Structures are given as C-alpha cells and as structure tokens.
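Undergrad: turn this into a model:
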Amino acid sequence: MTTYRNGFTYRTDLAYKGNDGVFQKPVLSRAIAIAANDAQAQNPAIETAWVGIERTDFELETGWQFAQAQNQNNMMPWGKPFALSQEAELAHSEAIAMSFDTETAWAKPLPANTEAISAWGEAIALPEIIYSLHWSKTYRADAEKNTGWLTITHRYEGEFYRNKEDYRSFWKYRLINRPLALDNSLSTGWGGYTAKLNDNNIPWGDGFHVWGTETPLEWTSDPTPLPDQPAPPEPEIEDFYNMATDLTVIDVATQTALAIDDVSMSLDIDSFAWTLSARVLNRASMNLAMPSKLIKVSTMGYDWIFVVESYSSTRGIGTTYRIQASSQSRMLDAPWQDISSNVEAAATTWKQAAESLMPLGWSVEFNRIQDYIIPAGAWSYIDKTLKAALADLLEAIGVVAIPDMSQQVLHIQPRYKYAPWEYNAASTEPDVIVHEAMIISESGQYHPANVHNGVWVSGNSRHGVIVEAVREGTDGLPAAADVYHDLIVDVDAGRQKAKQIIAASGSKTLVTLETIITDEQASPGLITPGMLVEIRSDGETWRGICLSTNVAGAGLPAITQTITVERDHGDHS
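TA: Prediction:
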C-alpha cells in the first residue's frame, strides 16, 4: 500500500508525494472504472479520466465530480463516503474508518490505527515516528529527512520537536509522538493553533541548534550552603556620628506621659527579665509610676514595657525619686506565680511541654530548637513556679529564654545559636556588625579553659538514653565530664545538650564594648543577648556571642549601649 502527501494546496494541483519523495498521480483501480459525469466504464480495462487526471496505476480508478459506483460492491457517494474496499478509504466529511490499514480524513478525524493517518484540518500526530502526514506543509519526522517548521528544525538527544507558532514569537515545541504537557488538554494543531490552556504553553527561552553534537546539556550549581538568615545591614563608617536621640515614657494604663530621665536598661543572657533604673522628676509622675504599674519606655525606635517593682526618694532642696522595674517576664515567677507540681501522664514533646507552662496571654517562639518526644511519665516537677519549671526544661538541652522587650513572649534559642566552629561558616550570617569606628571604649577579660571534643550525656534509667557525642573530625578527646538530666530521653535531646557543652569549652575572652545605638534601620541597631556579633577593624575581624546589654543615656546626646561579647580563641578550629 502506498501513502501520499500533498505537496501543494489541495485544489491547485493534483499531485501527491509518496514515501520515496517522488511526486505521483493518485492510483486508480482496474477493478472498476467510474466516469466523471455519471459515465459508466465499459470494461475494467477502460480508463475514465478524472477531470484531467490520468490513471497512474492499474489498481483502482475513481471518478471525481459526481460519479457514483455502478454496482453494490464499489459504491462511493460524495457526501459521507464509505470505503471502496478493504484496502483504501477516502473521505471528505467525517469519515469513519472501515479498515485497519489506511485512514484519510478531511475534517476532524480520529486515528484508526497505529500505522498511518492523514488529516486535512486539525491533524493528530502519528503514534510512531514513521510518517508525519499533513496536507499543506509537510515534512518527514524521522532520522533520515527532517524539514523544520518555517525552515527551522529542533532536536535534543534523539527527540524531534515542532514549533507550534511563528518562529520568533515564543519558542513552543512539542514532541512528534506526544505533546509536552502535564495533561491531555493541549491542542496540537499544524497551522496557527495555540494551546487551549495557557499554563500548558511550554516557553523554552531562546532556542539553539544541537545537531551534530553528542554532548548533553550540562547543569551546574553552586554547592555553597545558603545562609540561614539574611545578612545584616552594612555599617556606615563616618568620622563623626550625628544622631537625634529621643526618650518617651508613658503610663500604660492612662497613656499619660511621665517626666522621667536618666534611664538605664539591661539584660543578661541568663536572666529572665530586662531591668530598668530611672529617675522620676516630679510627684505627679511618681504617682503614676508606683510599684505594680506598667510603664512604656521608647527610644531610637525601640519599645520596652516594664512593671515597676520598687522606688526610693531623697528629700532635700528638691525631692528626687528613683524607680526599679523589670520586663513583664518577671511576672512568670514568684510572687506573681504560686508554686505547683505536675506529672505529665501522657507522652508529649519538648516544645509542647514549654508551651504548656505559659499562662493565658503568653506565648513562646522557638529558634533553632530540634523538638523531640518525651515519653509518658518522664516529665514532672514538684513545688516549682512556672519560671522554675521552664528553667528545668531549658537546662535539659542547653537553651535560654530571651524575654521580649514589650510583648508577652519568650524567645527560646540555644545559648550558642552557632558553635564557635560555625561562626565563620559559609552558611552563617551574623545578626549584627560593629565597626571599630563605632566603638567608644573597649576592655577584655581572659578566661582560660580546656577545650573538649566529646561528652557523654544520659537520662534516667527508666526513660533515659545514653548518648556519646563527638565533634565531627575529632576523636572526641579530651572529653568533658559526664552530664545527666532526667529529660535526656531521646538522641536529639542528648545531641543538642552535648553541642552546647562542647561549644562552651575552651579559652574565651569576655570583651566589653561601648558603642553607639542607632535606630532599627541602621547598623548596628540595638544588640541583645544571644546575637552573633561581628566586630570589624582594620587589623582583624572576629565573631562572638553577645552575653549582656546595657542601654544608657536614653534621651541624651550620648545614648550608648555597652555589650559583652564572648570571643572564642580558636581552640575548636
């Protein structure tokens, strides 16, 4: 059987192209001859012309205009035709396949087999790369001959693609055998058709030829770890820093401004609350700042809320007052909280246990904490306040609670958010940068100590586990003293605790720096305990953990913050 392709517009020339590339006239049959205008063949040998088309072989002859079959076995009406025989079918409207060898359709055909299909309107690609039959602009789609769409051909590693639209509009392609889409809703027409769903369009970017190459496309990536937080703003280095400082103190209950100055606020990494010391300038303000009152202090864009705990006065030419206050986290301890006892009968997680200790209105936020399961009956406390019970949980895995300055929130994180050997890793970004040009004064105190590379951590005999932790790349020696805690009930618990023990070992210098305090949009901003601080100078750059902060001179031109940064001496490197 021979399959043809039309190399020109349908009605301009009745020439067809065969598989071998030779243009031929369509075949006629000698089994029956059908004349053009109802003429009847006289015998099988007589050839009736097809309006100027001559017979090209002796297998089949069919009249073209209004001819009808002259017998019941070979009838071919022009409207909705039926197969002339079991060897060929020719349809002009909506043909139905009558055989499994050949199907030719004029409108919207459906494939009848897996060998050949030819369509006049919206053709469907062949299921195998044997023939690609299109009636207008056709081309071979096999490895021997490939004429591309608008003279362009694209292939990648043995696959053949067709451009769906104009060559320079959007580089959209489809495989000869299947559309490049995630579902079956793609309309793959041969002319100017586009996808029915825009999300099925495959934009490929600028195309390129890969003919003649056996090298696949190479994908490269940067293996450098991504930092786990954004980089802090770079400091602006100036000879002089001109800052407009401010100080506002109000009574939270009445929103009344208070006459208060000489404010000092501080926090230590192991403390549970910010503390405040301030001078009250008159009796009216003192009446609103009596113990148990909440006052709000604002400076340089930062806010604190304190509960007043005590006051003092000095009489003389003029009476002066002084108050002492703590952040709201102080109210999680006695005398605000009673002692209580509890045995957790059901299994829980470490984070859930911490959250369960928070009174109404309070919450916790976790940073770099690996949660783990605490078995039923493993967690309990007797005659403890909420703060004391929480402190026991924190000690189990070596983490600290940084109280929020103004909200009823505790920020729980490892004491060493990064271990000293991680300070300068590619995945580590500091929280803040301080340049030596911003440092007003500096002092340091050296604390020698042995470095440890391993430690044994264990829990109780009923629920606990025993974990030997060794710093990667070492033999674990020398090892720190064994550590025990009831809540070491999981390998993750032991690993977190061990990391903090090893990180705390080795020689350190506690560096005290007095530096400027900028607003929250500039560097360094406010530095709080637990932050990883980068200290820059012309001679060297080093990083360390902030252990304490003190803010003084709020409202005065000389507002500063004094921080203590723990500098590791590289014993872990």
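Undergrad: can you show me the strands along the stretch 451-573 of the chain?
TA: 454-458, 466-470, 483-484, 508-516, 532-536, 541-552, 560-568 (DSSP state E, counting those that start in this stretch).
Undergrad: figure out which of the ones you listed is closest to I402.
TA: strand 541-552 (10.4 Å; C-beta to C-beta). All C-beta atoms are positioned from the backbone trio N, CA, C, and that covers glycine.
Undergrad: ok so S285 is a strand residue?
TA: No - using DSSP: H, G, I helix; E, B strand; the rest coil, the assignment for S285 is helix, not a strand.
Undergrad: one step back: of the strands of the stretch 451-573 of the chain, which approaches E436 most closely?
TA: strand 532-536 (6.6 Å).
Undergrad: sorry, back to before: could I get the strands of the stretch 451-573 of the chain as a markdown table with mean neighbour count, distance to Q500 and mean pLDDT?
TA: Formatted as a markdown table, the strands of the stretch 451-573 of the chain follow (neighbours: other C-beta atoms under 10 Å; distance: least, C-beta to C-beta, whole Å; pLDDT from 0 to 100):
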| stretch | mean neighbour count | distance to Q500 | mean pLDDT |
| --- | --- | --- | --- |
| strand 454-458 | 21 | 10 | 97 |
| strand 466-470 | 17 | 10 | 95 |
| strand 483-484 | 15 | 10 | 96 |
| strand 508-516 | 19 | 14 | 96 |
| strand 532-536 | 22 | 15 | 96 |
| strand 541-552 | 20 | 11 | 97 |
| strand 560-568 | 22 | 13 | 97 |
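Undergrad: let me have the ones you listed in a markdown table, adding distance to L276 as columns.
TA: Putting the strands of the stretch 451-573 of the chain into a markdown table (distance: least, C-beta to C-beta, whole Å) gives the following:
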| stretch | distance to L276 |
| --- | --- |
| strand 454-458 | 38 |
| strand 466-470 | 40 |
| strand 483-484 | 36 |
| strand 508-516 | 19 |
| strand 532-536 | 23 |
| strand 541-552 | 10 |
| strand 560-568 | 14 |
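Undergrad: between those strands, which one is nearest to A284?
TA: strand 541-552 (25.3 Å).
Undergrad: list the pairing partners of that closest one within its sheet, with orientation.
TA: strand 260-268 (antiparallel), strand 532-536 (antiparallel), strand 560-568 (antiparallel) (DSSP bridges).
Undergrad: below-threshold pLDDT in this structure: ranges please.
TA: 1-225, 237-243, 520, 571-573 (pLDDT under 70).
Undergrad: helices along that one, start to end?
TA: Taking DSSP state H as the criterion, the chain carries its helices at 283-288, 350-356, 386-397, 491-504.
Undergrad: and M331, which of the ones you listed is closest to it?
TA: Of all these, helix 386-397 comes closest under C-beta to C-beta, at 9.4 Å.
Undergrad: pull out the buried residues from that closest one.
TA: By neighbour count on 16 or more other C-beta atoms under 10 Å, the buried set for helix 386-397 is 386-394, 396-397.
Undergrad: so which elements touch that helix?
TA: Contacts defined by 3 or more C-beta pairs under 8 Å, 6 or more residues apart in numbering; DSSP states H and E place helix 386-397 against helix 350-356, strand 380-384, strand 399-403, strand 409-414, helix 491-504.
Undergrad: now do the closest residue to A231 other than its chain neighbours against V483, distance only.
TA: Residue nearest to A231 in three dimensions, not counting chain neighbours: E429, with 4.9 Å by C-beta to C-beta, 6 or more residues apart in numbering. Using C-beta to C-beta, to the nearest Å, E429 is found at 30 Å from V483.
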